[in-house]
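**Student:** Sequence first, predicted model second:
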Amino acid sequence: MSEKPGKTDLPASVSMEAGVKGLVDADITEVPPIFHYPSYTLSNNRPSNISGLNLAVPIIDLGGINDTSARNDLVSKIKDAAENWGFFQVINHGVPLTVLEEIKNGVRKFHEEDPEVKKLYSPTVSNKRFVYTNSFEDPYQSSPMNWRDSFSCFIAPDPPNPEEIPLACRDAVIDYSKHVMELGGLLFQLLSEALSLDSEFLEKMDCLKGLFMLCHYYPPCPQPDLTLGISKHTDNSFLTLLLQDQIGGLQVLHHDYWVDITPVPGAFVVNIGDFMQLITNDKFSSVEHRVRTNRDGPRISVACFFSSSLSPNPTVYGPIKELLSDEDPAKYKGITIPEYTAGYLASGYDGKSHLSKFKLKKKRERIKCVAD
Ligand SMILES: O=C(O)CCC(=O)C(=O)O
Ligand SMILES: [Fe+2]
């Protein structure tokens with residue numbers, strides 16, 4: 001966790017309460033130094049040894065899901081993407097386009113409310129399951145700061161009362177999260193099949209039990225080469241479903257090169273989170289990603305994390321026994337989701353893998369874990 005910035009770090013005309021959006025509304029023409037990233041973290045030199053690789057995140061069509069041979073084909077594409085990219089996009093997923101438009105509009109509407117309205121949901125005032133955190137108030141904010149404002153909403157296992165969600169996005173959040181739970185159920189089936197496990201395996205492990213929504217608003221940035229919307233990180237989830245608008249900026253690290261995840265109209269970006277990498281014993285990869293800023297905007301995105309997050313949950317997750325063998329012993333020790341999440345949040349988006357802290361180092365430790 002980094003030290004919080006003070007008002008003195010900002011131009012005098014700017015109120016911290018109004019978030020990054022407030023800076024842009026105040027017509028700043030230069031990005032304040034607290035948002036500056038060292039230039040080496042922003043550069044992206046294409047390594048010569050990857051020139052032959054296809055550098056596009058796979059796009060997978062879920063349309064043929066009910067046909068056995070098409071399903072086998074898409075399960076093998078998902079397996080390949082989950083192993084080699086940690087990311088893929090899905091199209092023909094069954095979520096109506098109107099639902100996608102409504103949630104993007106709802107997120108934008110809330111972020112464009114008067115700061116006085118948003119203040120009612122700030123972490124210092126709100127103990128509700130809907131929290132508005134602009135970069136200046138986020139206790140887990142990285143240093144340098146991110147060029148974005150966000151709100152979060154806990155959806156499952158304990159859904160919020162509708163009154164806890166602001167009117168600007170209430171119906172959209174409720175409707176959208178139902179569709180995300182449904183699509184998540186299908187994706188966990190396909191991922192189970194991709195691991196040669198029973199279709200219901202991951203759902204039976206309660207991977208679908210928790211859902212946490214994080215809705216971002218990235219204001220246009222006057223100097224996009226100086227800062228980031230979100231610094232490099234992996235997700236603290238089993239799986240993340242992300243909806244992005246057409247502005248672009250999301251990048252995934254692939255063979256040490258930042259690859260753009262080009263917006264595809266109506267698609268979801270799906271990515272493997274740390275907990276999935278842990279339970280699959282590194283078969284699937286939780287891969288680092290980040291968001292570049294843009295002169296255009298605002299950019300809206302909605303990230304839905306399948307994780308029960310900090311909610312009390314005594315289940316200890318370790319590598320799935322069915323995936324282990326003498327040749328492939330457990331690589332991780334078990335941990336509960338709230339314990340993992342607390343550590344992940346405390347280390348902030350610092351770009352270091354939290355998962356690696358749970359890796360079993362010695363062969364003897366691994367063998368002992370399998371015997372347990
Ligand atoms: O806004 C995006 O495209 C990505 C957001 C993200 O990576 C996150 O919330 O973890
Ligand atoms: Fe992320």
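**Tutor:** Ah, there it is. Ligands and ions are numbered 1, 2, ... in the order given.

**Student:** Pull out the buried residues from the longest helix belonging to the chain.
**Tutor:** In terms of residue count, the longest helix belonging to the chain (DSSP state H) is helix 170-194. Residues of helix 170-194 classed as buried: 170, 172-177, 179-181, 183-184, 187-194 (neighbour count, 16 or more other CB atoms under 10 Å). Glycine gets a C-beta too; all of them are placed from N, C-alpha and C.

**Student:** The closest residue to Leu197 other than its chain neighbours: how many residues sit nearby?
**Tutor:** Leaving aside its sequence neighbours, Leu197 sits nearest to Glu322 (CB to CB, 6 or more residues apart in numbering; 6.2 Å). When neighbours are defined as other CB atoms under 10 Å, Glu322 has 11 of them.

**Student:** Is Glu322 located within a helix, as I assumed?
**Tutor:** Yes: assessed with DSSP: H, G, I helix; E, B strand; the rest coil, Glu322 lies in a helix.

**Student:** didn't it look like it was pressed against Leu202?
**Tutor:** No: counting by CB atoms under 8 Å, Glu322 does not reach Leu202; the two are 11.6 Å apart.

**Student:** number of nearby residues for Gly343?
**Tutor:** Per other CB under 10 Å, the neighbour tally for Gly343 reads 14.

**Student:** gap between the nearest residue in space to it that is not next to it in sequence and Glu113?
**Tutor:** Closest residue to Gly343 apart from its sequence neighbours, by CB to CB, 6+ apart: His354 at 6.0 Å. Going from His354 to Glu113 by CB to CB, to the nearest Å gives 33 Å.

**Student:** repeat for Ala342
**Tutor:** 31 Å.

**Student:** Looking at these two, which is more packed in?
**Tutor:** More neighbours surround Glu113 than the other of Ala342 and Glu113, with 17 against 13 (other CB under 10 Å).

**Student:** host element of the nearest residue to that one once chain neighbours are set aside?
**Tutor:** Using CB to CB, 6+ apart and skipping residues adjacent in sequence, the residue nearest Glu113 is Ala168, 5.9 Å away. Under the criterion of DSSP states H and E, Ala168 resides outside all helices and strands.

**Student:** Ala168: neighbour count?
**Tutor:** For Ala168, using other CB under 10 Å, the count is 19.

**Student:** can you pull the contacts of it?
**Tutor:** Counting by CB atoms under 8 Å, 6 or more residues apart in numbering, Ala168 makes contact with 106, 109-110, 113.

**Student:** Filter those to keep only those in contact with ligand 1.
**Tutor:** When CB under 6 Å from any ligand atom is applied, no member of the contacts of Ala168 is adjacent to ligand 1.

**Student:** Now, of the residues you listed, which are buried?
**Tutor:** Those of the contacts of Ala168 that meet the buried threshold are 106, 110, 113, by 16+ other CB under 10 Å.

**Student:** Looking at the residues you listed, spot the one nearest Tyr132.
**Tutor:** Phe110 (7.8 Å; CB to CB).

**Student:** List the contacts of that closest one.
**Tutor:** So Phe110 contacts 118, 132, 151, 166, 168-169, 215 (CB under 8 Å, 6+ apart).

**Student:** same question, Pro265
**Tutor:** Listed by CB under 8 Å, 6+ apart, the contact partners of Pro265 are Gln246.

**Student:** what about it, which SS state?
**Tutor:** Quick answer, by three-state DSSP: Pro265 is coil.

**Student:** Same check on the one 4 residues further on?
**Tutor:** When the structure is split into helix, strand and coil by three-state DSSP, Val269 lands in strand.

**Student:** That one reaches Thr262, doesn't it?
**Tutor:** No: contact criterion CB under 8 Å: Val269 and Thr262 do not qualify, at 10.2 Å.

**Student:** Which one's more surrounded, the two?
**Tutor:** Neighbour count, other CB under 10 Å: between Val269 and Thr262, Val269 has more, with 22 against 14.
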